[in-house]
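K.L.:
A predicted structure for the sequence below; I have some questions about it.
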Amino acid sequence: TALRLFKPGVVSFGPVGWGRVDEGAWQPLPLGFSGPGRGGPFVITAEEQPELVELVELVLDSRPAGRIAWALSRFEMGCGRRRESEALSDYLLGLRALLERGADLASASLALRVAVLCAEEGERRGVQRRVELSQALERFVMGDSPDDDYMDAIGSDSPRTLVDEVERHLRALLRDVLCGYLDPDLRSLSDDLLLEQPHAAPAPEPASQPATAAAATEIESIESAGGEIGVTAVEPPLVDGEQLDWDDAGYSAPV
């Protein structure tokens, strides 16, 4: 858990049980793996070791409960997924657990709250927009959005980049809560920060960015769901059981 909260990378520790033969010494027994994960190798440099040791100790001492524990579980599920298309909903569910309540679950407030907690003042509008795009991407992956609607919302954005950004925001919030830097009631904290702004941003409207001709041409050129996707290409939808597959740093929320 601490390694996954520390930074991106493939980390797959399996659960361990204990067993012994007759009256012999108890020995650890691996019970499998938590998931293959995605991304590049997980490498710790000498400069990062003190910070990682401190984070491990803080995580060991933490006792997350309620929404924090649930969001942390969803975060780890997302880190263990092989495909970004599978991890996206895990990360968004984690953010919803931290930042939404009751009727808010159907509102457009999530992106605004993530932006005020995870970005500096001049960058919040952009972060808000990116979270809105990730929600449009989730609807597309679920098959709840026709191709034209998805292209209107996403344009030429890379799905892989959107998922990575959502993962980064959730990692930052969870790590800061577990380390004691942020109050666990992130919803109230974000609302207080919004009220303190001299010109609070209005409630976000549904994304409606037209697709460019170049982006449409790129999509038409993709031969199959398993094809490679570039930085500005968009994967086709799930077809005949084929899964979407998008290949794949230290971070802390500004507040």
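P.N.:
In hand now; what should we look at? Numbers count the residues shown, from 1 in each chain.

K.L.:
And the pLDDT at the closest residue to L55 other than its chain neighbours?
P.N.:
Among residues not flanking L55 along the chain, A2 sits closest, at 5.1 Å (C-beta to C-beta, 6 or more residues apart in numbering). Any C-beta I mention is one placed from the backbone N, CA and C, and that applies to glycine too. Note for A2: predicted pLDDT of 90.

K.L.:
And stretch 69-88, what's buried?
P.N.:
By 16 or more other C-beta atoms under 10 Å, the buried positions in stretch 69-88 come out as 71-81, 83-88.

K.L.:
wait, what's in contact with R187?
P.N.:
By C-beta atoms under 8 Å, 6 or more residues apart in numbering, the contact list for R187 reads L98, L99, E100, R101, D104, R113.

K.L.:
Report the lowest-confidence entry in these.
P.N.:
The member of those with the lowest pLDDT is D104, at 56.

K.L.:
Next, please give the residue ranges for the helices of the chain.
P.N.:
Using DSSP state H, the helices of the chain run over 2-6, 49-61, 66-80, 84-99, 109-118, 124-141, 147-154, 159-178, 186-196, 213-221.

K.L.:
Nearest to W26, out of the ones you listed?
P.N.:
Among these, the nearest to W26 by C-beta to C-beta is helix 49-61 (21.5 Å).

K.L.:
Is P159 in contact with A87, as I believe?
P.N.:
No: contact criterion C-beta atoms under 8 Å: P159 and A87 do not qualify, at 11.2 Å.

K.L.:
related to what we said a few turns ago, for G14, find the nearest of the helices of the chain.
P.N.:
Here helix 66-80 is closest among these (C-beta to C-beta), at 10.8 Å.

K.L.:
that older thread, among the helices of the chain, which comes closest to G24?
P.N.:
Closest approach to G24 among the helices of the chain (C-beta to C-beta): helix 49-61, 29.2 Å.

K.L.:
What is that closest one packed up against?
P.N.:
Judged by 3 or more C-beta pairs under 8 Å, 6 or more residues apart in numbering; DSSP states H and E, helix 49-61 is in contact with helix 2-6, helix 159-178.

K.L.:
measure C118 to R160 for me?
P.N.:
Here the criterion is C-beta to C-beta, to the nearest Å. By it, C118 lies 19 Å from R160.

K.L.:
out of the two, which sits in the busier spot?
P.N.:
C118 (26 against 20; other C-beta atoms under 10 Å).

K.L.:
Can you list the buried residues in stretch 174-183?
P.N.:
If you call a residue buried by 16+ other C-beta under 10 Å, then stretch 174-183 has these buried ones: L174, R175, D176, V177, L178, C179, L182.

K.L.:
how about the CA coordinates for stretch 14-24, as CSV?
P.N.:
Listed next in CSV are the C-alpha coordinates belonging to stretch 14-24 (Å, rounded to 0.1, in the frame of the first residue of the first chain):
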residue,chain,number,x,y,z
GLY,A,14,0.8,-11.3,-3.0
PRO,A,15,-1.1,-12.0,0.2
VAL,A,16,0.8,-14.3,2.6
GLY,A,17,-0.5,-17.1,4.9
TRP,A,18,1.4,-19.2,7.4
GLY,A,19,1.8,-23.0,7.7
ARG,A,20,3.9,-25.6,9.3
VAL,A,21,4.5,-29.4,9.1
ASP,A,22,3.7,-31.2,12.3
GLU,A,23,5.3,-29.3,15.1
GLY,A,24,7.9,-27.5,12.9
